[in-house]
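S.K.: model the following, please.
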Amino acid sequence: MTTVLVVNSGSSSLKYRLVDADSGDAVAGGIVERIGEDGLDHTAAVAIMLEEIGALLAERPPIAVGHRVVHGGDLFVAPTLITDAVEADIDALAELAPLHNPGALLGIRAARRAFPALPHVAVFDTAFHQTLPAPAYTYAIDAEVAREHRIRRYGFHGTSHQYVSEQAAAFLGRDLGELKQIVFHLGNGASVTAVDGGRSVETSMGMTPLEGLVMGTRCGDLDPAIPLHLARTAGLSIDDLDVLLNRRSGMLGLAGVSDMRDINERRDAGDAAASLAFDVYVHRLRAYAGAYLAQLGGVDVISFTAGVGENAPRVRAAAMATLGFAGVEIDDERNEAGSRDVRVISTDASAVTVLVVPTDEELAIARLAREFAT
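M.R.: The predicted structure is shown next:
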C-alpha cells in the first residue's frame, strides 16, 4: 500500500490530498480555509482535515506525508526529510518568501504533531532549478550585496516543470537525458523553463515569483526603475508597490479581469483592452520561447501545462505561431480537441513535438515523499 498524504499549507488555507503514489489515484482531498479567523489556526485546520478523512486514513494509512514548500533558497536541492533542523532552515528562508514559507512551516509543525510516527518530506518549488548554471542564476548587481542578501535567481513551479518534462519523455518513449525541452506552466501564476537532459538550465521566475511572464495579477518582467519612479512621483510606499505589482498588474491590471476565459470572451465581444492584454501576454511567451531556443541550441519538445496551458488552445496557437523558423507546426484540429490526457498538438511533419501535458504536483510530491518511507 503506497498511500501518501500531501499537504499544501499557506497562511490562510490548508489543502490536502490522499494519493495512491503507485496508481496516481486521488483517494480523497479537500481544503480548510479561513485560517487566522475566529481562532482557527493550523493545528485546528489539521484537526478538521482528520475529521473529514479520518475513516479513509484508517482504511488506507499513509506511509509518508509530503509537504509543498515554496522557497528552499540555495539550501535545499532535493526533497528533504523534515527534522527540527530543517524546520529551522525553512523558517530562516522566510525572508525570501514571507507570504509562503511561514504558512508552510505552521502546517508542517501541525502535521508532524498529528502524525509523529511518519516521515515528513519537504518538496521545494525551487529545488529543481538548483541545476541552473551560474550565468543563468546570477544578477548583475554588486556581488557583495547579492551574497549578503541571498539575491539570485531561484525559480519556481519546479515540481511541475520536473513532472511535466518527465511525463513528456515517457509519453514519447524517449530518454529524458537526450531531450531538449521547453515547458510552459501557464496558470494564474506562470513560468517557463528550459530543460536540457532532465535538468533545469533556464527559468523565467527569479528571486521571487514576480519576474518573467505576464500572469493573472503579476506584472512579470518590468524595468526596475518603474517602482523607483512611482515612489518618487506618486508617493507609493514599499507596501503599495508590492500590492500594485503582485495583485493589481498582469491581465487584471491590463483588462480588469485575470482569468483567460474572461479575457477571450471580452476579446470576442470587441473589448480593446482585453485584446491588448492577450497580445501582451502572447508577446512575452514568444519572447521567452525564442530566448530559450537560443539557450538550448534548438529544442525537441515544447509542452504546455496548468490551467491556461492545458485549456486555452488560442493561447497555445498564438504562442507558437511565429516559431515556424524552428520547425514548429501546430495542427489546428489537434490543438482544439479537448482532453485530460497527454496529447500531441503539432503536426506529424513538425520538427518539434508540441504537447499538452496535464500537471499533477500533488502526485509528484507523493511519489517523491514515498521514497523516504521504510
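S.K.: center of this structure - which residue?
M.R.: Among the residues of the chain, the one closest to the centroid is residue 157, at 2.5 Å (Cα atoms, centre = their mean).
S.K.: was I right to think that residue contacts residue 124?
M.R.: No. The criterion here is Cβ atoms under 8 Å, and residue 157 misses it with residue 124 at 11.4 Å. All C-beta atoms are positioned from the backbone trio N, CA, C, and that covers glycine.
S.K.: what helix or strand is residue 284 located in?
M.R.: Following DSSP states H and E, one finds residue 284 within helix 272-296.
S.K.: return the distance of that helix from the chain's centre.
M.R.: Offset of helix 272-296 from its chain centre (Cα atoms, centre = their mean, to the nearest Å): 18 Å.
S.K.: I'd like to know which elements the helix or strand following that helix is packed against.
M.R.: Helices and strands here follow DSSP H and E; after helix 272-296, the next one along the chain is strand 301-305. For strand 301-305, the packing partners by 3 or more Cβ pairs under 8 Å, 6 or more residues apart in numbering; DSSP states H and E come out as helix 158-172, strand 180-186, strand 353-356.
S.K.: at 10 Å instead, please
M.R.: Under the contact definition 3 or more Cβ pairs under 10 Å, 6 or more residues apart in numbering; DSSP states H and E, strand 301-305 sits against helix 158-172, strand 180-186, strand 190-196, helix 272-296, helix 306-311, helix 313-320, strand 353-356.
S.K.: kindly reformat these as JSON lines containing mean neighbour count and distance to residue 118.
M.R.: Shown next, in JSON lines, are the helices and strands packed on strand 301-305 (neighbours: other Cβ atoms under 10 Å; distance: least, Cβ to Cβ, whole Å):
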{"stretch": "helix 158-172", "mean neighbour count": "22", "distance to residue 118": "20"}
{"stretch": "strand 180-186", "mean neighbour count": "27", "distance to residue 118": "30"}
{"stretch": "strand 190-196", "mean neighbour count": "27", "distance to residue 118": "31"}
{"stretch": "helix 272-296", "mean neighbour count": "18", "distance to residue 118": "40"}
{"stretch": "helix 306-311", "mean neighbour count": "21", "distance to residue 118": "30"}
{"stretch": "helix 313-320", "mean neighbour count": "21", "distance to residue 118": "41"}
{"stretch": "strand 353-356", "mean neighbour count": "23", "distance to residue 118": "35"}
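S.K.: right, I'll call it a day here.
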